[in-house]
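Student: okay, structure incoming, though there's no sequence with it:
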DNA sequence: CCAAGGCATAAGGATATGCTAATATGCTAA
DNA sequence: TTAGCATATTAGCATATCCTTATGCCTTGG
């Protein structure tokens, strides 16, 4: 059924949503970071993330006060290829490098995502 | 700019339009054939074809009384890859095999597309 | 030239989509 | 427990999208 495939293309067919995916391709990020970087409101970000989660492209995990999102490691092969064709915005990549949650969202102490096998700096 | 990429994904993000692309991937077809096969009106087919033409994915050429469309041979590499990931509907492929313009559209005499290096049967 | 059919375009309507503002919910830290 | 912030959800709105009907244009064959 072409409708299923069309829906997958449609999922990537929005600039904001596609940008979020590319950002998460660089590194995990929490909602407040994305909302700070993107030119849309926090609810808009949440809604996009919900769609991406329901489509099985991202997963969420809590870290301190924030909810981080990451690209699912087992994203369908073809979708991963499609995303690989899209170049990452250097500005976005730089922003992610130069900021961390504590800087952007102003909360308790400072902490970044440390989900799997990483040692705290 | 992600908007340009999103627009390309959006172009494939409609079941009817995607189906047309997959049909043209099998062989060239004229508007009346597509309108006969697809569950939408002839103007709807025309409008989809116009979008595909404007996006540079297809070209048209006249043959007798009909306007045939074909996939552009120089479609952007990445889009060709994306389309390759989508399986062709066997039913559609069969329909294209079992029908030709004269059968479907009922016009003067019989004739199929004979665009490049082919000899008339 | 005329008639007939293929095709394109225009107009209108129904639905989908993406956003914001307002609000609810949930954690965290004290 | 309570205050404060992060996030999710809801409602409403503006726009985009896709369809149909109506219509005009063009080509073909007589």
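Tutor: It's in. This one's a predicted model, so the numbers in the text were calculated from it and none came from an experiment.

Student: hey, where'd the helices end up in chain A?
Tutor: For chain A, the helices defined by DSSP state H occupy A:2-11, A:15-26, A:31-37, A:42-54, A:77-85, A:90-98, A:101-105.

Student: among those, which gets the worst mean confidence?
Tutor: Of all these, helix A:101-105 carries the lowest average pLDDT, namely a mean of 82.

Student: what's that helix packed up against?
Tutor: Where contact means 3 or more CB pairs under 8 Å, 6 or more residues apart in numbering or on different chains; DSSP states H and E, helix A:101-105 is packed against helix A:31-37. In short, each C-beta sits where N, CA and C put it, glycine included.

Student: skip the chain neighbours and tell me the closest residue to the residue nearest in space to the middle of chain A.
Tutor: In chain A, the centroid-proximal residue (CA atoms, centre = their mean) is residue A:24; its distance is 3.4 Å. Distance criterion CB to CB, 6 or more residues apart in numbering or on different chains; nearest residue to residue A:24, sequence neighbours excluded, is residue A:71 at 4.9 Å.

Student: beta partners of the closest residue to residue A:62 other than its chain neighbours?
Tutor: Using CB to CB, 6+ apart and skipping residues adjacent in sequence, the residue nearest residue A:62 is residue A:68, 7.5 Å away. Residue A:68 has these beta-bridge partners by DSSP bridges: residue A:30, residue A:61.

Student: residue A:68 against residue A:32, yeah?
Tutor: No. Counting by CB atoms under 8 Å, residue A:68 sits too far from residue A:32 to count as a contact (10.2 Å).
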